[in-house]
Structure formats: structure tokens, C-alpha cells
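Visitor: Starting from these lines, generate the structure:
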Amino acid sequence: MKKSVIKEKIAQSIMAIAIVAVLILVVSIIWTIFSRGFSCITWEMVTSLPGGGFYIGKEGGFLNAIVGSLYIVLASTAIGLLISIPIVFYLNVFLKETSKFAYIARLAFDVLFGIPSIVYGAFAFTLMIYLGLKTSLLGGIIVTTLLIIPIFIRSMDEVAKTFPKDLLEASFSLGATRLETLGIVVRQIAPGIATATLLSVGRAIGDAAGVMFTAGFSDSIPTSFTQQAATLPLSIFFQLSAPQIEVQNRAYAAALVLTIIVLVISLLGRFITNHFSKNRLK
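Guide: Modelled structure (predicted):
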């Protein structure tokens, strides 16, 4: 047998082992969460606020954490998209591929992409102190938006780089403005936008370190941006830190709800990506 064939077989074996290892890890995590979460989750936990003594095993639920997470994620995702799409459009339409400014901007976003969320939380907390803001829903939205903007920009930028430049020239030659051309670009990179949104939401809804500094925690549902807001990751953290087994099991129930939300978002993201991919111009 030739050396090239042997090398190919070894490479295939390593890849197969890696895939199996990852699948085992994913299945183990999901199995642990679902097996422990299903055994203790009740309808009351999902639909009610924490009652007196909830964190020592008494009545109530974590509806406040579910709603708080959704508030922060939906608001930060909307703001992140509004900020990121024009930036991606500017980098790929207004600037040339050889532009030094575009290179530096992409490098900066790469660095921001890799910064841990706790650093964003510390920065946002410092900024809030300087501005005289207290921990609140608004603070959680701000830090989460800062966290996901680099994900949005770099994910969409990689797709936008594949955008056919001839289509831009054709649009301009027909008298279209840059704003009208933006609509064409957005339509073509829609699958990339859906993927970026999926990645951003997954990271935003699972972040605990950043919102711990900025959003605070509350047993009630916030009715204004200035009130503190609970999130599922923080609820899980606080309950797992409790010594009571019953309270720890409730943490797995909250983790189950969080996992289901992420799975639903993932499936929805896949559907949207496939839908837009079919309608792209070839």
C-alpha cells in the first residue's frame, strides 16, 4: 500500500474519531440536562415567579429569568443588527478590498470577537459607573449588544466577501443609489445574516458573566429599562450554588428550558437560512 493511501486512511480515522468524540460529548451534555431536568420540572416553575423561600426549596418558579433573558436577547439582537449591517455594507461596498482601513477594522473586530464576556461586563460596569447608571435591564442590553456585535460583523463580512462585485456594478450602472444597492446586498447575504443571528443569540442567551455585572438580579419581571432583570444563566448559577439538592435540581430544570430555547432558535435559524439560500441570485 502506498504511503499516500496510508496517510489518507490515518487522516480519515482521526477525523472519524474526532466526530465521534464530539457527538459523545454533545449527547452526554444533553442527556444529563434532560434526564435531571425532566425529573423535577413542573408547570409552576415555568409559569410563576419565585415565591418566598424559592431558593431554599419552597414554592415558586423562574418565569422572571425566562422573560428577562428574552428581553435582553431580543433587544440586543435588534440593536446589533441595526449597527452591524451598515458596517458590513460600508466595508464591502464603499471600501476597496486593498483598503488599509478595512484591514484594520476587520482585525479589530477579530480581537473583539475573542474577548471573554466577563471583560465586556467589567468594561460596561465601569462605563455605567461613569455615567451614573445602576444595574438594570438597560445595562444588560448594552453589554450583550457589545458582546454580539463583533460576531454579527465578522460572520456577515465573510459572506459579504463572496458577494459578486459585478452585481454591484450592474446595480450602479442601472442608476440605483447606494441605499437601493444595500437592499440587493442584504438579500444576497441573508443566509449569512441568519447564521450570524443564530450564533449571536446562542452566545447572548447563555452569557452569565457580563449580565452579572450589569443587569443585576430580581425576582420580579422588569417593567422598565431601569429595573434589574434576572436571566436564566444567572438563575442556574445561583441555584447550583445552593447546598440543597432540591434547589440544585431546579437549576437543571432551568438549564432544560434554556437548552430547549436554544434548540428552537437553532432549528428556526436553519429554516430561515435554507429559505433565503433558495432565493439567492446565482
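Visitor: ok now do S39, which residues does it touch?
Guide: By C-beta atoms under 8 Å, 6 or more residues apart in numbering, the contact set of S39 is N249. For the C-beta atoms, the positions are set from N, CA and C on the backbone; glycine is no exception.
Visitor: do that again at 10 Å, thanks
Guide: Counting by C-beta atoms under 10 Å, 6 or more residues apart in numbering, S39 touches N249, Y252, A253, L256.
Visitor: neighbours of L74, just the number please.
Guide: If you count neighbours by other C-beta atoms under 10 Å, L74 ends up with 14.
Visitor: That one and T145 touch, don't they?
Guide: No - in this structure, L74 is not within contact of T145 by C-beta atoms under 10 Å, at 11.4 Å.
Visitor: Tell me the residues that contact both of those two, please.
Guide: Common contacts of L74 and T145 (C-beta under 10 Å, 6+ apart): A204.
Visitor: Buried ones in stretch 69-89, by neighbour count?
Guide: Residues of stretch 69-89 classed as buried by neighbour count (16 or more other C-beta atoms under 10 Å): 69, 71-73, 75-77, 79-81, 84-85, 87-89.
Visitor: likewise stretch 216-234?
Guide: For stretch 216-234, burial by neighbour count (16+ other C-beta under 10 Å) applies to 216-219, 221-222, 227-234.
Visitor: from those, which is closest to V5?
Guide: Minimum distance to V5 across those is 48.5 Å, recorded for P233 (C-beta to C-beta).
Visitor: For the helix or strand harbouring the closest one, which helices and strands make contact with it?
Guide: Following DSSP states H and E, one finds P233 within helix 232-240. In terms of contacts (3 or more C-beta pairs under 10 Å, 6 or more residues apart in numbering; DSSP states H and E), helix 232-240 is packed against helix 63-89, helix 209-214, helix 245-278.
Visitor: Give me the contact list for that helix.
Guide: Contacts of helix 232-240 (C-beta under 10 Å, 6+ apart): 50, 54-55, 57, 62, 64-70, 140, 205-212, 215-217, 230-231, 246-255, 257-259, 261.
Visitor: Swap in 8 Å and give it another go.
Guide: Residues external to helix 232-240 that are found in contact with it (C-beta under 8 Å, 6+ apart): 55, 62, 65-66, 68-69, 205-208, 211-212, 215, 217, 247-248, 250-251, 254-255, 257-258, 261.
Visitor: Send me it as PDB with only the CA atoms.
Guide: The C-alpha trace of helix 232-240 is given here as PDB (Å, rounded to 0.1, in the frame of the first residue of the first chain):
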ATOM      1  CA  LEU A 232     -31.600  32.000  33.000                       C
ATOM      2  CA  PRO A 233     -27.800  31.600  33.200                       C
ATOM      3  CA  LEU A 234     -27.600  33.600  36.500                       C
ATOM      4  CA  SER A 235     -30.600  31.700  37.900                       C
ATOM      5  CA  ILE A 236     -28.900  28.400  37.100                       C
ATOM      6  CA  PHE A 237     -25.700  29.700  38.700                       C
ATOM      7  CA  PHE A 238     -27.400  30.800  41.900                       C
ATOM      8  CA  GLN A 239     -29.400  27.600  42.300                       C
ATOM      9  CA  LEU A 240     -26.400  25.300  41.600                       C
END
